[in-house]
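>>> dropping a prediction and its sequence here:
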Amino acid sequence: MSTTTELPAAPDPAPPPRQIVLTGGAPAGAAAVTARAVSAWFGDHKVLDRVSLHMPANEVTALIGPSGCGKSTFLRILNRMHELVPSAALAGEVLLDDQDIYRAEVRPAQARVRIGMVFQRPNPFPAMTIRDNVLAGLKLAGITCNDRPSLLEESLTRAGLWNEVRGRLGTLGGALSGGQQQRLCIARALAIRPQVLLMDEPCSALDPTSTNRIEETIHELKKDVTVVIVTHNMQQAHRVSDSCAFFLAGENEPGRIVEADQTEKMFSDPADPRTLDYVSGRFG
Ligand SMILES: Nc1ncnc2c1ncn2[C@@H]1O[C@H](COP(=O)(O)OP(=O)(O)OP(=O)(O)O)[C@@H](O)[C@H]1O
């Protein structure tokens, strides 16, 4: 006797994931940032003197050095925020890949779409929902998105927050913990898909567990964004960065870079003894 066995029907192939398309934003992919002979002033107070530094694409560069040596000023020059201070002036060039972000035809807002920033204190819009916080930058930057729910999920996932908030996207951003608020701010910065993310002491207001989460996030981020981070925490600089630049200002002198190199070299065998003294906690 012969029997025929019907093969079960093959399952339908899963539909391909819909591609999220942003219109009016930055070009895709991380970009390198190069500062050439950057000097900066507040009024007649010169705070940086001819700082040159290359920050490679898809890497994390840490800016380290004692308080007041100009790290934050340098960071703010990299996305044209320095010029928001009325007395501020600067000289030199900042190249994003090979284009000067200070050339006449570039509007500051355009530069800030390509080079996002996360600040020391989490600054979500407290009365806005988590969803609206993340997507807030699109409207401000004049960017449209074909699939906002997917962009929301993508941004929160990249910021390491999706699993914690996926069930309460309509609740207020101000109700999250400090560490979650900082990751919400990272998601907000990522939602417009910048090529570079600047982080100014992003963990200094956070507990060790939240700090750890943000460091993990930074590791993930460099796959598709260049990260430049200011940190006073030498262990953090060592853990998260590929290269470091050590800033120092003498008394009544502007800040300068003493040395910049691969992080491992800076922490184990720096060229300048002042770098070793600083990274090993002997001053600053
Ligand atoms: N808005 C401002 N107006 C005037 N001077 C300023 C302003 N911001 C910074 N400065 C001065 O510029 C110098 C460099 O400050 P900056 O904040 O860049 O240093 P920093 O290395 O980031 O310090 P910290 O590690 O303490 O944040 C300091 O002398 C500071 O007082």
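Received it, and whenever you're ready, just let me know what you need. Numbering: from 1, shown residues only.

>>> kindly report the residues of the chain close to the ligand.
Proximity of the chain to the ligand, by CB under 6 Å from any ligand atom, involves residues 42, 47, 65, 67, 68, 69, 70, 71, 72, 73, 85. C-betas here are computed from N, CA, C, even on glycine.

>>> residues contacting the first one?
Residues near residue 42 by CB atoms under 8 Å, 6 or more residues apart in numbering: 85, 87, 88.

>>> in strands only, show me the residues you listed.
residue 88 (DSSP state E).

>>> please convert the contacts of residue 42 to a markdown table, extending it with neighbour count.
Listed next are the contacts of residue 42 as a markdown table, based on neighbours: other CB atoms under 10 Å:
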| residue | neighbour count |
| --- | --- |
| 85 | 13 |
| 87 | 9 |
| 88 | 17 |
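
>>> right, and out of the contacts of residue 42, which lies closest to residue 270?
residue 88 (31.2 Å; CB to CB).

>>> tell me what the closest one is bridged to.
Applying DSSP bridges to residue 88 gives these bridge partners: residue 42.

>>> contact partners for it?
Going by CB under 8 Å, 6+ apart, the list of residues near residue 88 reads 40, 41, 42, 82.

>>> one more time with 7 Å, if that's ok
41, 42, 82 (CB atoms under 7 Å, 6 or more residues apart in numbering).

>>> go through the residues you listed and name the one nearest the ligand.
residue 42 (3.5 Å; CB to the nearest ligand atom).

>>> from residue 232, how far off is that closest one?
Distance, residue 42 to residue 232, using CB to CB, to the nearest Å: 21 Å.

>>> cool, residue 225 as well?
For residue 225 relative to residue 232 (CB to CB), the value is 23 Å.

>>> which one's more surrounded, these two?
residue 225 (24 against 15; other CB atoms under 10 Å).

>>> give me the pLDDT for that one.
pLDDT, residue 225: 96.

>>> state the mean pLDDT of stretch 87-103.
95.

>>> flag every buried residue along it.
88, 90, 92, 94, 95, 96, 101, 102 (16 or more other CB atoms under 10 Å).

>>> how about the closest residue to residue 102 other than its chain neighbours, phi and psi?
Leaving aside its sequence neighbours, residue 102 sits nearest to residue 94 (CB to CB, 6 or more residues apart in numbering; 6.2 Å). The phi/psi pair for residue 94 (degrees, to the nearest 10) reads phi -130, psi 120.

>>> just to revisit the earlier point, make a PyMOL selection of the buried ones in the residues of the chain next to the ligand.
Only the buried entries of the residues of the chain next to the ligand go into this PyMOL selection, using 16+ other CB under 10 Å:
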select buried, resi 47+65+69+70+71+72+73
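
>>> the residues of the chain next to the ligand in strands, which ones?
Per DSSP E, the residues of the chain next to the ligand map to strands at 42, 47.

>>> so how far is the ligand from residue 279?
Here residue 279 is placed at a distance of 15 Å from the ligand (CB to the nearest ligand atom, to the nearest Å).

>>> these two touch, right, residue 144 and residue 21?
No. In this structure residue 144 lies outside contact range of residue 21 using CB atoms under 7 Å: 8.8 Å.

>>> please enumerate the helices of this structure.
Using DSSP state H, the helices of the chain run over 71-77, 108-114, 130-141, 148-158, 162-165, 178-191, 208-221, 234-240, 263-268, 273-279.

>>> return the most buried member of these.
Mean neighbour counts were taken over the helices of the chain using mean count of other CB atoms under 10 Å, and the top value, a mean of 25, falls to helix 178-191.

>>> hmm, who's touching that one?
116-118, 122-124, 130, 133-138, 151, 155-156, 158-161, 164, 173, 176, 197, 202, 205-207, 210, 213-214, 217.

>>> residue contacts, the residue most central in space within the chain?
The structure's the chain has its C-alpha centroid closest to residue 197; by CA atoms, centre = their mean the separation is 2.4 Å. Applying CB under 7 Å, 6+ apart to residue 197 gives the contacts 116, 118, 189, 221, 225, 227.

>>> before we move on, what about residue 94?
Here residue 94 is in contact with 33, 35, 38, 77, 78, 100, 101, 102 (CB under 7 Å, 6+ apart).

>>> identify, from the residues you listed, the entry nearest to the ligand.
residue 77 (9.5 Å).
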